[in-house]
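**Student:** My questions concern the predicted model and sequence given below.
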Amino acid sequence: MNQADVIVGIGGAAGDGVASAGNTLAVSVARHGQAVFAYNSYQSVIRGGHSWLRLRISDKKPLNHGDQVDALIALNQDTLDRHLQELKAGGLALFNAGKLKLRYEPPKGVQLCPLPVSELTPAYAELPIMQNTVAVGAAIRLMGLDFTGLESVLQSTFAKKPQVVEMNVAAAKAGYDYAAAHFQPLSKQLQKTSQKWALMTGNELMAMGAAFAGCKFYCAYPMSPATHILEWFAGHARELGICVRQVEDEISVINMSIGAGHMGVRSMCATSGGGLALMTEAIGMAGMIETPVVVVNVMRAGPSTGVPTKTEQADLNQAFGASQGDFPRIVIAPLSMSDCFKTPALAFNLAERYQCPVIILADLLLCEDNETVDPAVLNVEFKIDRGEIITEANAQVGGEPYLRYKNTPSGISPRAIPGLPGHLYVSGSDEHDEDGVLISDVFTDPVRRKKMVDKRARKMDTVLDHVPAPKLEGPAGAEVTLVGWGSTWGVIVEAVERLNQEGVSANHLQINLLVPFHVKEVTDILSKSRRTVIVENNFSGQFARHLRAETGLVATGHIRKYDGEPFEPKHVVAGVKDILAGKSVVQVLSTEPGWQTDHPTGTSGDWSRRLAGAAVRSA
Amino acid sequence: MATVVVPQKMTMKDFKPEVAPDWCPGCGDFGVLNALFQACAEIDLPPRDLLVVSGIGCSSNLPGFFRAYGVHSLHGRALPFATGAKLANHAMTVIATGGDGDGYGIGLNHFIQAMRRNINVTYIVMNNEIYGLTTGQVSPTSETGMKTKTTPHGNLEGMLNPMALALASGCGYIARGYSGQPKHLMKLYVDGIRHPGFALIDVFSPCVTFNKVQTYDWFRKRIYKLEDTDHDSANFHGAMEKALEWGEKIPIGLFYRNPNPPPSLDAQDPGLQSGVLVRQPLGMTKEQRGKCIGEFM
């Protein structure tokens, strides 16, 4: 891909306002018609630590956060020290001249942009956070955009406080004007376009997508990185008529969700891996009593409490194995933030059609980060398929006695919504017969037990007809086929483009339906591939094992990452080259070239070699 | 010609299914079930408007022996299931049932939260002070010192006091019945079901097979009815005093009824203000969608 885009890196400690500065900048450029993809690498602290937010801005929608920095906004000394070396010729670094010192020589061709913040905004003396507003104003100018977008964002952000609007607009304008007068514009300049964008996180897209698809009951226990789904729902419960509850634990969450689903509403809950662990027994109950329910797992790095603010794709085995026993379940992994919006609608339709639990496996990268989405794509009426359901509209009273778990050829038993006359039934988490009467204890009967297991299992026979099979993207007959699942799609697309530009012919296949699996289609594609390389964000290759179990196919190579940070295109490009050179497993590590070994927060990567040429300017 | 529907008063028979209970002969749960048939007939509740949710255990088999919509859910999880169900369709009457192990052991957190949450669900706990279905292990309500299969040298732990816990947790209707006195028990059910919020009815329901201490005889000698005393069920502190009474004399009856009950959760939830959730149309209007999207632009 031509890097016709600008990547802005904003760094600081928690509490320095990294996220809000990033948000202001992102919304501002979006109002100029620029598309954004933002990834914030942050820590589970409220104050301190290091947050590093990268905003990739382009007139062509970026699919990932990229792997370089063009403009650095350093909100603290640590950020300047760590990240200055990542800038390339033509790039620039903005920082508060009154607060930060240049401790290392910048790379050649990098423009230093010290801002005399205290002179530019008198409010700084009382409010140190004003340095962010000045820096964002300057960045907007240096990227070639006019002031109107930022001004309108500041006006809407502080709409209820006119004085705060005035103060912020003045500070931003001072930064903007100062940059115009004193610095060279960035070598890459952004252009205004007429495209309208909504700037949203995957969590917000997931919540909104679920609401638009008819979700009427949502409950959760706060758990990063899924909490914002709950917050969006809570904020919209009244106006949209959705019952939204925060409850005592994930055991209660899933049992309430199933209770609501049982009564006939579309019901969803979300958590991360630890919460899913608590939910597993009840997920099996949903399978047994054939209640539709949608469970979202926004994966973070595990196991145990793990790395709560970092991303990983290591809960695949957990989703496959959630609950004891055999029962039908569906597992879907959205491929992009936009896909997060559409996936709940698919999940609800499948859950209701097949009367079973559906697990959505998203991850922190998809769900916590911001992306611009075309609002026209969002304002859609989803097709709602409630499956074989009996309501007041189609209930027939009299005739044959109603059998809730009727043994039908499809395995799907028409589901009466409780409250109807003539359709009384009991649902049991014990094994039961077609009429719902338990057969688990005194009436145990091998023939009936097998009949009921078969009935439920048979429901899965037609799921694949309702979900499009994955398709090979890129040139046919390529030297190497990359295979990924879920959130890695946006990185792999760009890596494949770069590989082709660099003379390595590559194509790729991305899987979003994990259970059941498109065995035939995937086998057809991959058995023709010359080499397959599986890219996944975990240590053990959980997907590689799944692919092998389902298709018997063994990949040529594996690119794996489990350091908490997401893949970047360069990691995949380098990994493929290593595999073509003979390696079978490439383990990728994110590094920060500016990170010093004597840094108080630790060390990472090979920064010392890269820093060797940079002389310390002042002690 | 229009059909004229003559309303018929419900009788016990309307709630009796074909499946007969498989409890041990003499089990206290028979009395619990019969009193519930009578209470539902008394309230004149059509079975289609009633959902009975249980957990797991001998007593949790009750929904299978009751003609209404029923769910036999997971061990300890009757209350969250019932809460979700009530929120989804608050026009239905929801009764949760279970035993002491189910509600006061594995499900204790949900019990406290449900009372604090004040969901309009009636919770009937068949308290036999033992684990019956697993054939006789110690329970949270087993007396200290009690010998069971898992406490061969006597129970070292204290007894959970559901009455006091319910008072402390904000429960607005707290009663204790005895399965040997079904008429009294029925009255407690009727008032509990009519209470506009969470109601607890703990029922002494002897396990004739595995609890050889708390027998019918044991209870008969000790229990007395609060209704026969000058106990004021509107007095929280008086109720707490009665809740702590245990030994030679054990009170049954209505311990506490909040004289000014706050609205229940289902009556207040912002998402339920347009009516019963399950009757609402699915999806959003174009305008609603546009407004949601506009917040991000």
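**Tutor:** Cool, the structure landed.
**Student:** Look up the closest residue to whatever residue of the stretch 51-200 of chain B ends up closest to chain A, ignoring the ones flanking it.
**Tutor:** Nearest to chain A, among the residues of the stretch 51-200 of chain B, is B:Gly84, at 2.8 Å (CB to the nearest CB). (Each C-beta comes from the backbone N, C-alpha and C, glycine too.) Excluding the flanking residues, the one nearest B:Gly84 by CB to CB, 6 or more residues apart in numbering or on different chains is A:Gly259, at 2.8 Å.
**Student:** Check the average confidence over the helix or strand containing the one you found, would you?
**Tutor:** Element membership for A:Gly259, per DSSP states H and E: helix A:250-262. Mean pLDDT, helix A:250-262: 98.
**Student:** So for the chain, the centremost residue is which one?
**Tutor:** Just so you know, I chose chain A. A:Leu366 (1.1 Å; CA atoms, centre = their mean).
**Student:** let's do chain B instead
**Tutor:** Closest to where the C-alpha atoms of chain B average out (CA atoms, centre = their mean) is B:Tyr123, at 1.5 Å.
**Student:** which residues touch the residue nearest to B:Gly84?
**Tutor:** Listed by CB atoms under 8 Å, 6 or more residues apart in numbering or on different chains, the contact set of A:Gly259 reads B:Val53, B:Val71, B:Ser73, B:Pro80, B:Phe81, B:Ala82, B:Thr83, B:Gly84, B:Ala85, B:Lys86, B:Leu87, B:Ala88.
**Student:** wait, B:Leu167 sits on B:Met240?
**Tutor:** Yes - taking contacts as CB atoms under 8 Å, B:Leu167 lies within contact range of B:Met240: 5.4 Å.
**Student:** Could you check which of the two has the larger neighbour count?
**Tutor:** Using other CB atoms under 10 Å in any protein chain shown, the more surrounded residue of B:Leu167 and B:Met240 is B:Leu167, with 22 against 15.
**Student:** List the buried residues for the longest helix along chain A?
**Tutor:** For chain A, the longest helix by residue count, based on DSSP state H, is helix A:162-182. For helix A:162-182, a neighbour-count test (16 or more other CB atoms under 10 Å in any protein chain shown) marks A:165, A:167-176, A:178-179 as buried.
**Student:** so where's the chain shaky on pLDDT?
**Tutor:** Chain wasn't specified; assuming chain A. Applying pLDDT under 70 to chain A flags the ranges A:1-4, A:441-444, A:592-619.
**Student:** looking at chain B here, not the other one
**Tutor:** Within chain B, the segments meeting pLDDT under 70 span B:1-7.
**Student:** can you give me the strands for it?
**Tutor:** B:50-54, B:69-72, B:93-99, B:122-127, B:173-178, B:199-204, B:223-225, B:250-257 (DSSP state E).
**Student:** Likewise for the stretch 451-600 of chain A?
**Tutor:** Here the stretch 451-600 of chain A has its strands, by DSSP state E, counting those that start in this stretch, at A:472-473, A:480-485, A:506-511, A:513-515, A:532-536, A:557-561, A:585-588.
**Student:** can you tell me which residues contact B:Arg116?
**Tutor:** With CB under 8 Å, 6+ apart, B:Arg116 has these contacts: B:Ser169, B:Gly170.
**Student:** For it, give its distance to B:Leu265.
**Tutor:** According to CB to CB, to the nearest Å, B:Arg116 stands 10 Å off from B:Leu265.
**Student:** ok, now B:Cys24?
**Tutor:** 37 Å.
**Student:** what about the two, which has more around it?
**Tutor:** Taking other CB under 10 Å, B:Cys24 and B:Leu265 do not tie; B:Leu265 has more neighbours (23 against 15).
**Student:** what residues are up against the residue lying closest to the more buried one once chain neighbours are set aside?
**Tutor:** Closest residue to B:Leu265 apart from its sequence neighbours, by CB to CB, 6+ apart: B:Ile119 at 4.7 Å. Applying CB under 8 Å, 6+ apart, we find B:Ile119 in contact with B:Ala82, B:Thr83, B:Lys86, B:Leu87, B:Gly197, B:Phe198, B:Ser264, B:Leu265, B:Asp266.
**Student:** which bits of the stretch 301-450 of chain A sit near chain B?
**Tutor:** A:375, A:378-382, A:384, A:386, A:417-430, A:437-438, A:441-442 (CB under 8 Å from any CB of the partner chain).
**Student:** Leaving out chain neighbours, which residue sits closest to B:Cys207?
**Tutor:** B:Asn128 (3.9 Å).
**Student:** wait, I meant A:Val554
**Tutor:** A:Arg548 (5.8 Å).
**Student:** isn't that neighbour right up against A:Gln542?
**Tutor:** No - here A:Arg548 lies out of contact with A:Gln542, judged by CB under 8 Å, at a distance of 11.0 Å.
**Student:** So between these two, which is more surrounded?
**Tutor:** Neighbours around A:Arg548 and A:Gln542, counted as other CB under 10 Å, are more numerous at A:Gln542. The numbers are 22 against 14.
**Student:** show me what contacts the more buried one?
**Tutor:** So A:Gln542 contacts A:Gln313, A:Ala314, A:Leu316, A:Asn317, A:Glu536 (CB under 8 Å, 6+ apart).
**Student:** again, only this time at 7 Å
**Tutor:** Going by CB atoms under 7 Å, 6 or more residues apart in numbering or on different chains, A:Gln542 touches A:Ala314, A:Leu316, A:Asn317, A:Glu536.
**Student:** and the nearest residue to A:Ser323 once chain neighbours are set aside, how many neighbours?
**Tutor:** Leaving aside its chain neighbours, A:Ser323 sits nearest to A:Gly284 (3.0 Å; criterion: CB to CB, 6+ apart). Neighbour count for A:Gly284, taken as other CB under 10 Å: 20.
**Student:** I appreciate the help and will end here.
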